[in-house]
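> Give me a model of this one.
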Amino acid sequence: MQLDPRSLIAMAGFMSAMMAVVLLFMRRNYPPNIRGLDYWAAAPVLWLVSAVLFGSRGELPQSLTVVLANQALLLGAAVYYIGSRRFLGHGGGWALWGSVAVASTLVHIWLTYVTPSYALRVAIFSLLMTVLYGAHLRFLLRHGDKGFPIRLVQVVLALHILVLLTRFASVLVGRAGSDIMEPSPFQTAYVGAYVLTVLMLSIGAILLATDRVRTELEHLATHDSLTQTLNRRAVMQLCQEELDRARRYGHGPSIMMLDLDNFKAVNDTHGHQHGDAVLVHFAACTKSALRSEDRLGRYGGEEFLVLLPDTDAPAAHHVAQRIHALLQAGHPLDCQLSIGVTSWQGQTDTLDAMLARADAALYQAKKRGRNQTCAG
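Numbering: from 1, shown residues only. Take a look at the predicted model:
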């Protein structure tokens, strides 16, 4: 196939169709809390419409192959941008870019039928797309993370901005050409850059959604679904890693076992939904009493485990007192709890030994009347 503009546009249409199918399939099968996928799936559909209309130039009216084709291309980029905003938890975008699309349509109608000017159409459209891609790039730089999928989209946007600025500059120096289908190296390069941009932006959307699913699956594998604390396997693994670190550096952690007092009576009296609400409230209060490096995990039922890295016994006891105080503030879901705390005792200490001491201290706190902390 000869790489002229018409062939490249056909290639862009084929790629858009394939990417639209993939993204629509993902939209249907991925979790609904991954927002933006519907917009990302709509973008290549619009790019496909644009490619079909551009490729039909000479066979269909200019209202379709010039005006509507350009607006479908612009709307595809705008919809993709709005999808990125939704994906990263932001709204907005439609009012501004919908208005821009309407204004662009009117300008293209004027420059196609009233005072025809291919060069002016190219200049205005290039500037509009530059501003749109620039807004998208700025948003991703401000709100995106540093992962590869975000970086990929940022690079693609930045490179295509350079292409658009070059195309705008070509108008200023009188090298815009006479038609997009003109078989010149410049037109071929511009359309080729557009084809690559369509492909890479679609791949970027796929990678972003897949990465989000992977992150959520990892979270589900390590966290308790109700309280959003670490699950037993994850917190035990962190405890073991902290003890390994303690043996290397000579100063170790403290561990607290927490058990909500008379929790069965709460479930029996008020129902399991109320009991779940108590657990969620307890987890939130306890997290607020901990440092960023501390870890809270659900050990089983109403029993929780707290890992306090590089913390001695007095500091651990102080944390326990803070937790008691927070759960006696008068909130309707406040509860009482018993805490058993123990600290690392040197190179020969093991996780099993620490858990046994913390559990024995917890039993002692229960035996002494509950709602208190004992050390082991």
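> Which helix or strand contains residue 340?
strand 337-343 (DSSP states H and E).
> In terms of secondary structure, what does the next helix-or-strand element following that strand contact?
Per DSSP H and E, the first helix or strand lying C-terminal to strand 337-343 is helix 351-367. If you count contacts as 3 or more CB pairs under 8 Å, 6 or more residues apart in numbering; DSSP states H and E, helix 351-367 packs onto helix 232-249, strand 254-260, strand 337-343, strand 373-375. Glycine gets a C-beta too; all of them are placed from N, C-alpha and C.
> Quick one: distance of helix 351-367 to the chain centre.
Here the centre of helix 351-367 is set off from its chain's centre by 40 Å, with CA atoms, centre = their mean, to the nearest Å.
> can you check stretch 369-376 too?
42 Å.
> which residues of this protein fall in helices?
Chain-ordered helices for the chain, with DSSP state H as the definition, fall at 5-29, 37-55, 62, 69-87, 94-109, 118-143, 148-172, 185-222, 232-249, 263-270, 272-289, 313-326, 351-367.
> and the ones you listed as TSV, adding mean neighbour count?
Below are the helices of the chain laid out as TSV (neighbours: other CB atoms under 10 Å):
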stretch	mean neighbour count
helix 5-29	18
helix 37-55	24
helix 62	16
helix 69-87	23
helix 94-109	15
helix 118-143	18
helix 148-172	17
helix 185-222	17
helix 232-249	15
helix 263-270	14
helix 272-289	17
helix 313-326	16
helix 351-367	18
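> want to try JSON lines for these, with distance to residue 376 as columns?
Output for those, formatted as JSON lines (distance: least, CB to CB, whole Å):
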{"stretch": "helix 5-29", "distance to residue 376": "50"}
{"stretch": "helix 37-55", "distance to residue 376": "51"}
{"stretch": "helix 62", "distance to residue 376": "84"}
{"stretch": "helix 69-87", "distance to residue 376": "48"}
{"stretch": "helix 94-109", "distance to residue 376": "60"}
{"stretch": "helix 118-143", "distance to residue 376": "47"}
{"stretch": "helix 148-172", "distance to residue 376": "47"}
{"stretch": "helix 185-222", "distance to residue 376": "27"}
{"stretch": "helix 232-249", "distance to residue 376": "16"}
{"stretch": "helix 263-270", "distance to residue 376": "22"}
{"stretch": "helix 272-289", "distance to residue 376": "20"}
{"stretch": "helix 313-326", "distance to residue 376": "10"}
{"stretch": "helix 351-367", "distance to residue 376": "3"}
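> Ok, which of these comes nearest residue 298?
Proximity to residue 298 (CB to CB) singles out helix 232-249 among the helices of the chain, at 6.7 Å.
> Who are the packing partners of that closest one?
Contact here means 3+ CB pairs under 8 Å, 6+ apart; on that basis helix 232-249 packs against helix 185-222, strand 295-300, strand 303-308, helix 351-367.
> residues in contact with the last one?
Counting by CB atoms under 8 Å, 6 or more residues apart in numbering, helix 351-367 makes contact with 236, 239-240, 243, 255-259, 261, 305, 338-342, 344-345, 372-376, all of which sit outside it.
> Separate out the buried members of those residues.
236, 239, 243, 255-259, 261, 305, 338-342, 344, 372-376 (16 or more other CB atoms under 10 Å).
> which of the helices and strands packed on helix 232-249 has the lowest average pLDDT?
Note on the helices and strands packed on helix 232-249: lowest mean pLDDT is at helix 185-222, with a mean of 88.
> circling back to that earlier point, of all the helices of the chain, which one comes closest to residue 301?
Of the helices of the chain, the one closest to residue 301 (CB to CB) turns out to be helix 263-270, at 7.7 Å.
> and the helices and strands packed on helix 351-367 as a markdown table, adding distance to residue 286 and mean pLDDT?
Listed next are these as a markdown table, based on distance: least, CB to CB, whole Å; pLDDT from 0 to 100:
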| stretch | distance to residue 286 | mean pLDDT |
| --- | --- | --- |
| helix 232-249 | 13 | 93 |
| strand 254-260 | 7 | 95 |
| strand 337-343 | 9 | 94 |
| strand 373-375 | 13 | 91 |
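> could the ones you listed go into CSV alongside distance to residue 39?
As requested, the helices and strands packed on helix 351-367 are arranged in CSV below (distance: least, CB to CB, whole Å):
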stretch, distance to residue 39
helix 232-249, 34
strand 254-260, 44
strand 337-343, 46
strand 373-375, 52
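> Contact partners for the residue nearest to residue 137 when sequence neighbours are not counted?
Closest residue to residue 137 apart from its sequence neighbours, by CB to CB, 6 or more residues apart in numbering: residue 157 at 4.4 Å. Counting by CB under 8 Å, 6+ apart, residue 157 touches 133, 136, 137, 140, 201.
> Show me what the helix or strand bottoming out on mean pLDDT in the chain is packed up against.
Within the chain, no helix or strand scores below helix 5-29, which has a mean of 84 by mean pLDDT, DSSP states H and E. Applying 3+ CB pairs under 8 Å, 6+ apart, one finds that helix 5-29 contacts helix 37-55, helix 185-222.
> can you give me the angle that helix makes with helix 69-87?
On the basis of axes from the mean of the first three to the mean of the last three CA atoms, to 10 degrees, helix 5-29 is oriented at 30 degrees to helix 69-87.
> which outside residues touch helix 5-29?
Under CB under 8 Å, 6+ apart, the answer for helix 5-29 is 1, 37-38, 40-41, 44-45, 47-48, 51-52, 54-55, 180-183, 187-188, 191-192, 194-195, 198-199, 202-203, 205-206, 209.
> Repeat that for stretch 325-332.
281, 282, 285, 286, 288, 289, 334, 335, 336, 337.
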